[in-house]
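Participant: Need a 3D model of the following:
(one chain, ligands or ions: 2)
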Amino acid sequence: MVQSSILGFPRMGVNRDLKKATEAYWGGKLSQEDLLAEAKRLRLAHWKIQKDAGVDVIPSNDFALYDQVLAHIQDFGVAPPRYTKHGLNPVDEYFAMGRGHQKDGVDVQSLEMVKWFDSNYHYVKPTFQDNQTFKLNPSPKAVNEFNEAKEAGIITRPVIVGPVSFLHLGKADRDQKVDPIDLLEKLFPVYEELLTKLKAAGAETVQIDEPILVYDLPSKTKDAFKPTYQKFAALGDKIPKIVFATYFGDIVHNIDALPKDIHAVHVDLVRNPEQMDTVISALGPKTILSAGVVDGRNIWKVNFKTAIEKVEAAIQNIGKDRVIVATSSSLLHTPHTLASEKKLDPEIADWFSFASEKAVEVAVIAKAVTEGPASVREQLEANAKSVQARATSKRTNDPAVKERQSKIKASDFNRLSEFPTRIAAQQKSLNLPLFPTTTIGSFPQTKEIRIQRNKFTKGEITSEEYEKFIEKEIQEVVKVQEELDLDVYVHGEPERNDMVQYFGERLDGYAFTTHAWVQSYGSRCVRPPIVVGDISRPAPMTVKESKYAVSISKKPMKGMLTGPITCLRWSFPRDDVHQSVQAEQLALALRDEVVDLEAAGVFVIQVDEPALREGLPLRAGKEREAYLDWAVKSFRLSVSGVQDSTQIHSHFCYSEFQDFFHAIAALDADVLSIENSKSDAKLLKVFVDEAYPRHIGPGVYDIHSPRVPSEQEIKDRIGEMLVHLKPEQLWIDPDCGLKTRQWSETKAALTNMVNAAKFYREKY
Ligand code: GLN
Ligand code: ZN
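Facilitator: Ligands and ions are numbered 1, 2, ... in the order given. Here you go, the predicted model:
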């Protein structure tokens, strides 16, 4: 019998229940006991969903109150001493590492949080001491949750972060020097202890996640896999059988690191179906292939026909008893259930499948290959119909968009002239001083703004009333900028709920959900819009607000757009056409917007691309170059329709450009603003080394904190920047948008910023 399995289930619950409970706990409105009871209720509910769907192998220990890596840090005794020394109870110590703790005389910052591979989920980075020791929590979460499911009558497969990945994904703590991978030998006994306990509790198999095998790895790390898993194999029946799980990429380049003596190997066959044959030929003689054929990263219904063919091909090769049907990765990256979407057009809803529906999909595929297609004929027929409907739907295919794409010319990617000619024309019309000051776009989004937007969405105020309100907000933002004496104004983005959703809602080809939340980090969830078809712009999206802002400003007003890559990366993309095609469509839509803004008298236009970097493929090489090529092209396509005298800005929330500087330069933006206040000003050296000729605004202060930087601090920062950059190149701006800040601190910080710029203006 071919089994079906799931690598992990979303934790939030049908109504973001976990978010509500944890936030209530943090706010002192829910007791710890009640929080834990709610977490237990959610785990049981999620196991039941999977069981009812007919899934054979259901995961446990995939749950976490905040993050699964953080839970592992705590259970393996890796919490740094600055957290453990206060005698906090385990739950509070855990949250202290996740989000910091400032209460009852304890004041610690959180551990660093970083993106989980190329997903929008963030994990807490383990930090190791030079003299790091490991010690298993006497009551390990993995064992407790296994027992909890067992009591409910479900024998689960616990999920554990693998030892090599755990170390590789971590780093030496603050001033420590340890290379984490050197700790492997010390770490192993704790895994042995945990696995032994799980076996004693009745776990037959465990899923050990080693996703780093999809990266380019240092040889020391790569070479660590085989001996480590040989040691596991040597433990024999003392521990459960191991399913070695990789996902988000292919492992072909690391295939010689794949342990042979192992129960099963899981690979992602949605991202990289072509790796299957190579992986199969590298398996040990009895090793099972866990075939990840149901997408854990996107919301599209599986295509049963192709998924079954894939699984059948594996069966042909190694036999029925050596294949498991699985999700490609954990379903953590998908929303809870499609059943909550009451407002979706039924035509489109029929194309989607969220976590609960994907559970059914793996079960159906397993049944189809075990008992034959006739056993699930109805499901297969319905699926074929909806796949066909999607492929041929008018909502998917817009001939006008395709026609326009086919007519794109090489010159559409280029501005009329080179930068020196452009900047001269821009200087003439904009007449900016040396060290021009500006901001990144948004100004504080006050409670009042959210209230009015809510009222408008609910139909409680008319669109005229809402527009009037927005105009009043813009007036205030303009007035503040006048008083601050900034040089290039922004309108403040009060009308935008979110920088991607706002554009998605105004574009054809997008769909929106009401409940499709996905965990981003801790209790934070995002609700990405979905690209369902060819994208086009039925009408201008931002012109009205920008035009109004221009009409009341005495100084240049910057128009503000979200770039094509960021729109795409922060949405669920289509899986039926390449992402480069979708980016190009977005670029064309934005190009029209840019041209319309220019026609409306907006002569400085910023196209934000904060997601450009996170879209970088996980491995260096051909794939990365290909991505950068189409990403850069789509940005250029979006901004190249304007005159030389119109100034194009772009913005990035990072400054580590070293590994792809050529792409940043190739964007050919007149002005780049980047986040820099917390990084070393030395990072700017790359601009000098590469003789970057255009203008740059490295953020001079951190906007993520309410702290007001002093004028002197900002002067010092600018001084450091001037070591590397030419004065005529340098813009003065904050790190990012000011949306999450309060007005008082914003005004104070910008006053100091403008004064610092004026100081240098005098000097040069
Ligand atoms: N223009 C956006 C803002 O200011 C940029 C946000 C971002 O880069 N994440 O809010
Ligand atoms: Zn930013």
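
Participant: Contact partners for the residue most central in space within the chain?
Facilitator: Nearest to the mean C-alpha position of the chain, counting by CA atoms, centre = their mean, stands Asn120 at 1.7 Å. Residues counted as contacts of Asn120 (CB atoms under 8 Å, 6 or more residues apart in numbering) are His333, Val518, Ser520, Val526, Pro528, Trp570, Glu614. C-beta coordinates here come from the backbone N, C-alpha and C atoms, glycine included.

Participant: In a strand, it, correct?
Facilitator: No. Counting by DSSP: H, G, I helix; E, B strand; the rest coil, Asn120 is not part of a strand but coil.

Participant: Let me see the backbone angles for it.
Facilitator: Asn120 adopts backbone torsions of phi -100, psi 10, taken as degrees, to the nearest 10.

Participant: Now do it against ligand 1, distance only.
Facilitator: In this structure, Asn120 lies at 13 Å from ligand 1, with CB to the nearest ligand atom, to the nearest Å as the measure.

Participant: now that residue: how far from Ile703?
Facilitator: For Asn120, the distance to Ile703 (CB to CB, to the nearest Å) stands at 21 Å.

Participant: Repeat that for Ala511.
Facilitator: For Ala511, the distance to Ile703 under the criterion CB to CB works out to 32 Å.

Participant: cool, Glu483 as well?
Facilitator: Distance of Glu483 to Ile703, given as CB to CB: 19 Å.

Participant: Pull stretch 518-532 out as CSV, backbone CA atoms only.
Facilitator: In CSV, the C-alpha atoms belonging to stretch 518-532 read as follows (Å, rounded to 0.1, in the frame of the first residue of the first chain):
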residue,chain,number,x,y,z
VAL,A,518,-0.2,32.7,6.3
GLN,A,519,2.2,32.9,9.3
SER,A,520,5.1,35.3,8.6
TYR,A,521,6.7,35.2,12.0
GLY,A,522,5.6,34.7,15.6
SER,A,523,2.0,35.8,15.7
ARG,A,524,2.3,37.9,12.5
CYS,A,525,0.3,36.7,9.5
VAL,A,526,0.1,38.0,6.0
ARG,A,527,-2.7,37.6,3.5
PRO,A,528,-1.0,37.5,0.1
PRO,A,529,-3.2,38.4,-2.9
ILE,A,530,-3.3,35.7,-5.6
VAL,A,531,-2.3,36.2,-9.2
VAL,A,532,-4.9,34.2,-11.1
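
Participant: Is ligand 1 within reach of that stretch?
Facilitator: No. Counting by CB under 6 Å from any ligand atom, ligand 1 is not contacted by stretch 518-532; separation bottoms out at 12.7 Å.

Participant: Look up the closest residue to the residue of the stretch 551-700 of the chain found nearest ligand 1, ignoring the ones flanking it.
Facilitator: Closest approach of the stretch 551-700 of the chain to ligand 1 (CB to the nearest ligand atom) occurs at Pro610, with a separation of 4.0 Å. Of all residues beyond its chain neighbours, the one nearest Pro610 is Cys653 (4.2 Å), with distances taken as CB to CB, 6 or more residues apart in numbering.

Participant: Surely the one you found and Asn676 touch.
Facilitator: No. Shown here, Cys653 and Asn676 do not form a contact pair, counting by CB atoms under 8 Å, at 10.4 Å.

Participant: neighbour-wise, which of the two wins?
Facilitator: Here Cys653 and Asn676 are set side by side on neighbour count (other CB atoms under 10 Å), and the busier one is Asn676, at 25 against 20.

Participant: Phe687 is in contact with the more buried one, correct?
Facilitator: No. With the criterion set as CB under 8 Å, Asn676 and Phe687 do not qualify as a contacting pair; they are 11.0 Å apart.

Participant: In contact with Glu361, which residues are there?
Facilitator: For Glu361, the contacting residues are Val294, Lys301, Val302, Phe304, Ala307, Ser353, taking CB under 8 Å, 6+ apart as the criterion.

Participant: any idea how far the residue nearest to His101 when sequence neighbours are not counted lies from ligand 1?
Facilitator: Beyond its immediate neighbours in the sequence, the residue positioned closest to His101 (CB to CB, 6+ apart) is Val108, lying 5.3 Å away. Noted for Val108: a distance of 27 Å to ligand 1, by CB to the nearest ligand atom.

Participant: Please apply the same query to Pro10.
Facilitator: Counting by CB to the nearest ligand atom, the gap between Pro10 and ligand 1 amounts to 25 Å.

Participant: Would you confirm that Leu667 contacts Val632?
Facilitator: Yes. When contacts are counted by CB under 8 Å, Leu667 is listed as touching Val632 (5.9 Å).

Participant: Present the contacts of Asn120 as CSV; the columns should include neighbour count, pLDDT and secondary structure.
Facilitator: As requested, the contacts of Asn120 are exported to CSV (neighbours: other CB atoms under 10 Å; pLDDT from 0 to 100; DSSP: H, G, I helix; E, B strand; the rest coil):
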residue, neighbour count, pLDDT, secondary structure
His333, 23, 98, helix
Val518, 23, 97, strand
Ser520, 15, 94, strand
Val526, 16, 93, strand
Pro528, 24, 95, coil
Trp570, 21, 95, coil
Glu614, 17, 88, coil
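
Participant: Those: which two are farthest apart?
Facilitator: Spatially, the most separated pair among the contacts of Asn120 is Val518 and Glu614, at 15.0 Å (CB to CB).

Participant: The residue nearest to Val78 when sequence neighbours are not counted: neighbouring residues, count only.
Facilitator: Counting by CB to CB, 6+ apart, the nearest residue to Val78 once its immediate chain neighbours are dropped is Pro126, at 5.5 Å. Pro126: 26 surrounding residues under other CB under 10 Å.

Participant: Now do the contacts for the residue lying closest to Lys343 once chain neighbours are set aside.
Facilitator: Taking CB to CB, 6+ apart as the measure, Lys343 lies nearest to Thr514, with 5.5 Å between them; neighbours along the chain are not counted. Contacts for Thr514 were tallied using CB under 8 Å, 6+ apart; they are Ser340, Glu341, Lys342, Lys343.
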